[in-house]
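# Pasting a predicted model and its sequence here:
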Amino acid sequence: MIDIYLGRQNIFKSDINACAYEILYFSDSHGENQVGKNSISSALSILQTILDVGVDRITHGKPAFFSLTCDFLCKQKNLPFQPDLGGFFLSVVDDQIDEQIITKISRLHQQKYSIVFDNIHVNRFTIPLLHEIHAGRIDVSKYSKSELNDLLKKLKPFDLHLYANNISDHETLEYCKSLGFEYFQGDFFTKPQIVSARRLPSRRLFVLKMLASLYNPEIDIRDLELIIRQDVSLGYKLMRMVNSAYYGLNSQIESIQHALVLLGINPLRAWLSVILLSEIDDQPGPLMATSIIRGKMCELIGEMMPNEDVSSYFVTGLFSTLDAMMGLPMSEILENLPMTDVINKALLNREGPLGNTLNSVIAYEQNHWQEINLPKISIQQIREAYLKSIAWAAELTNSNLL
């Protein structure tokens, strides 16, 4: 098995819920993030490694898409994965389009593979392929609005399903929706839509006030119990959560005070933060999932380091999307939250061990694997922390505990 970083990128529909994932990888020895761009033997080995690790661990039942090339397809009698797993983005070199690749694509389409022409364009080479393919992906970051309109006019006669890739902000997302794109990729959902504090929605304001009380350095167990009792649903969810399999406790916890004594203030703060943030109901589901994944991955990496407070790692990862959730600059949020200087520096400037871990976790999430700086932790350990975090977030969000 080749030692690779293994990740995913969300593919959204217009409701901004993930409907599929693009599978991505990186290896120091193979470099390319596109399976078919390696030698055929290396490409097969990489693809088999991904399948051996377990695609379902990444997608949790949603379709998976790989990036493949025409050359790779033509040299395979059969693909090493079945069409019910998903499909692939097809990277095309114009002068390689011939009768062989057209026939291959036609056969794979008949077998029910989902095939998306990557970086789709129209010229005398690609027109025969466009008649066989029913979807195309466009890197919208490479086009001006007028250029994008011109391309869509050329593609209109082929009646294709269109994917918009590399959407970096909400304005571009809305524009792509207006043009008729059906599928969307990019990190826009982690970017804040800034609103003024005066018109901050009431639920967000409540959550910020609760978090400020929760992280007051003078807080004691009695104060924390009073905070929890202010919101009936908060206490109910907390009790369900700590008695669930996530903590693996041997005995049933009977009261909030019992939970506080048994688990301690910092772990309870972390759990309450998850519950509070999940109650911001005007944010897309993937944003909360990203927060939980970052928190858990930071925590798992913190556990691999000596003498670290892993709850601080969890909270740092969890709070790294607060600006997107609240629609406020992170600096403004932290002015109103009594977090420790270590956490503040990590969130604002990526300073210290916490900041370095958060920076590496975000680099992994965004597939910027060469920016990961965790020299004492192996690729396999980092990859496993990521996969465990995805699984944990999926269990948590699908378990009705939030």
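Structure received.
# For the protein, name the helix or strand with the lowest mean pLDDT.
Using mean pLDDT, DSSP states H and E, helix 256-263 stands out as the lowest-scoring helix or strand of the chain, at a mean of 77.
# If we go by neighbour counts, what in that one is buried?
256, 259-260, 263 (16 or more other Cβ atoms under 10 Å). For every residue, glycine as well, the C-beta is placed using N, CA and C.
# Just name the closest of the residues you listed to residue 127, please.
residue 263 (63.7 Å; Cβ to Cβ).
# which residues in the stretch 301-402 of the chain form helices?
310-319, 322-326, 330-335, 341-349, 352-365, 379-398 (DSSP state H, counting those that start in this stretch).
# now swap in the stretch 101-250 of the chain and tell me
With DSSP H, counting those that start in this stretch as the definition, the stretch 101-250 of the chain shows helices at residue ranges 127-130, 145-155, 170-179, 202-214, 221-229, 232-242.
# And those helices: which comes nearest residue 323?
helix 202-214 (11.7 Å).
# ok so, going back, will you turn the helices of the stretch 101-250 of the chain into JSON lines that also has mean neighbour count?
Output for the helices of the stretch 101-250 of the chain, formatted as JSON lines (neighbours: other Cβ atoms under 10 Å):
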{"stretch": "helix 127-130", "mean neighbour count": "17"}
{"stretch": "helix 145-155", "mean neighbour count": "13"}
{"stretch": "helix 170-179", "mean neighbour count": "15"}
{"stretch": "helix 202-214", "mean neighbour count": "17"}
{"stretch": "helix 221-229", "mean neighbour count": "15"}
{"stretch": "helix 232-242", "mean neighbour count": "17"}
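# among the ones you listed, which is nearest residue 11?
That would be helix 170-179 among these, by Cβ to Cβ, at 13.4 Å.
# helices and strands around that closest one, which ones?
helix 145-155, strand 183-184 (3 or more Cβ pairs under 8 Å, 6 or more residues apart in numbering; DSSP states H and E).
# Now render those as TSV, adding distance to residue 69 and mean pLDDT.
Below are the helices and strands packed on helix 170-179 laid out as TSV (distance: least, Cβ to Cβ, whole Å; pLDDT from 0 to 100):
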stretch	distance to residue 69	mean pLDDT
helix 145-155	21	96
strand 183-184	21	98
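# would you turn the ones you listed into JSON lines with distance to residue 62?
Output for the helices and strands packed on helix 170-179, formatted as JSON lines (distance: least, Cβ to Cβ, whole Å):
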{"stretch": "helix 145-155", "distance to residue 62": "26"}
{"stretch": "strand 183-184", "distance to residue 62": "13"}
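# what residues are up against the residue lying farthest from the centre of the chain?
Most distant residue from the mean C-alpha position of the chain: residue 99, 38.4 Å away (Cα atoms, centre = their mean). Counting by Cβ atoms under 8 Å, 6 or more residues apart in numbering, residue 99 touches no other residue.
# State the distance from residue 173 to residue 41.
Using Cβ to Cβ, to the nearest Å, one gets 40 Å for the distance from residue 173 to residue 41.
# List of residues touching stretch 120-134?
90, 92, 94-95, 97, 101-102, 105-106, 109, 115-117, 136-138, 151, 154-155, 158, 160-161.
# thinking again about what came up before, which element is encountered next along the chain beyond the least confident helix or strand of the chain?
Using DSSP states H and E, the helix or strand that follows helix 256-263 in sequence is helix 265-278.
# what about that following helix, average pLDDT?
Averaged across helix 265-278, pLDDT comes to 86.
# other SSEs contacting it?
helix 202-214, helix 221-229, helix 232-242, helix 285-303, helix 310-319.
# what angle sits between the fourth one and helix 310-319?
Right, the one you point to is helix 285-303. Per axes from the mean of the first three to the mean of the last three Cα atoms, to 10 degrees, the angle that helix 285-303 makes with helix 310-319 is 160 degrees.
# The second one too?
Orientation check (the same axes, to 10 degrees): helix 221-229 against helix 310-319 gives 30 degrees.
# can you give me how far helix 221-229 is from the chain middle?
33 Å (Cα atoms, centre = their mean, to the nearest Å).
# Could you report the neighbour count for residue 167?
24 (other Cβ atoms under 10 Å).
# Residue 326 touches residue 204, doesn't it?
Yes - using Cβ atoms under 8 Å, residue 326 is in contact with residue 204, at 5.4 Å.
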